[in-house]
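Student: My questions are about this predicted structure, shown below with the sequence.
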Amino acid sequence: MVRVLMVIAQVNFRDEELFEPLEVFESLGYKIDIAAPKLEEAKGMLGATVKPTITIKTAKVYEYDAVVFVGGRGAAGLMDSPEVIQLVKDAFNRQKIVGAICIAPMILAKAGVLKGKKATVAPSNEAHRLFKQAEVNLVNEEVVASGHVVTADGPHASKKFARKIAELII
């Protein structure tokens, strides 16, 4: 059975960037775990709440086929978490599918896994500066796959993003 770890911020994850890919993955029969910094209820920017099934700290990358980082304002805070950066590096080094949407590709850039790769991100001065600093080839597309890394630029691309990840898992 395919297993996917979806990583969210405790507060201000982007609701549709979690729930629309979740819907796609579940329709394909995938088992999904949702990781957050704590096991207590997490709250989305649009008001949705979700109970994480695992903490980021206790997630074991080898158990998953893909690790997907959900965007939203809260995702910016995950960039400074050593556990999150290590999770990205472990997933990338184990050749897992690594996905990030909206501002979450900044986490991948900060972890160093986008160096020399094509990627996209929600447009902002901070994101563009970080991508340049991390030597990422920024492209203006909704969804970009570069090797086993998939990035998307925002909530409007949530389903397309999930389908691209699923395509790479098969």
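Tutor: Nice, thanks for sending it over.

Student: host element of Asn12?
Tutor: Using DSSP states H and E, Asn12 maps to strand 11-13.

Student: And that strand, what's buried?
Tutor: By 16 or more other CB atoms under 10 Å, the buried positions in strand 11-13 come out as 12-13. C-betas here are computed from N, CA, C, even on glycine.

Student: and that strand, how far from the chain's centre?
Tutor: Mean-position distance between strand 11-13 and its chain equals 13 Å (CA atoms, centre = their mean, to the nearest Å).

Student: got the contact list for it?
Tutor: Outside of strand 11-13, the residues within contact range by CB atoms under 8 Å, 6 or more residues apart in numbering are 42-45, 70-75.

Student: same check, this time on stretch 19-26
Tutor: By CB under 8 Å, 6+ apart, stretch 19-26 touches 2, 4, 6, 32, 48, 68, 70, 101, 155, 158-159, 161-163, 165-166.

Student: Spell out the residue ranges of the strands in the chain.
Tutor: 3-7, 11-13, 31-36, 42-44, 49-50, 54-55, 66-69, 97-101, 118-119, 137-138, 143-146, 149-152 (DSSP state E).

Student: Give me the distance between the spatially most central residue of the chain and Gly29.
Tutor: Centroid-nearest residue in the chain, with CA atoms, centre = their mean: Phe69, separated by 1.6 Å. Per CB to CB, to the nearest Å, Phe69 is found 22 Å from Gly29.

Student: now Met6
Tutor: Separation of Met6 from Gly29 (CB to CB): 16 Å.

Student: More neighbours: which of these two?
Tutor: Met6 (26 against 8; other CB atoms under 10 Å).

Student: tell me the pLDDT at that one?
Tutor: The model reports Met6 with a pLDDT of 98.

Student: That one reaches Asp33, doesn't it?
Tutor: Yes - here Met6 reaches Asp33: they are 7.2 Å apart, a contact under CB atoms under 8 Å.

Student: Enumerate every residue touching Ile107.
Tutor: Per CB under 8 Å, 6+ apart, neighbours of Ile107: 69, 75, 78-79, 84-85, 88, 100.

Student: With Arg163 as the reference, measure out to the closest residue to it other than its chain neighbours.
Tutor: Of all residues not flanking Ile107 in the chain, Met79 sits nearest, at 5.1 Å (CB to CB, 6 or more residues apart in numbering). Distance, Met79 to Arg163, using CB to CB: 26 Å.

Student: Same check on Val2?
Tutor: 14 Å.

Student: now do Leu39
Tutor: For Leu39, the distance to Arg163 - CB to CB - is 30 Å.
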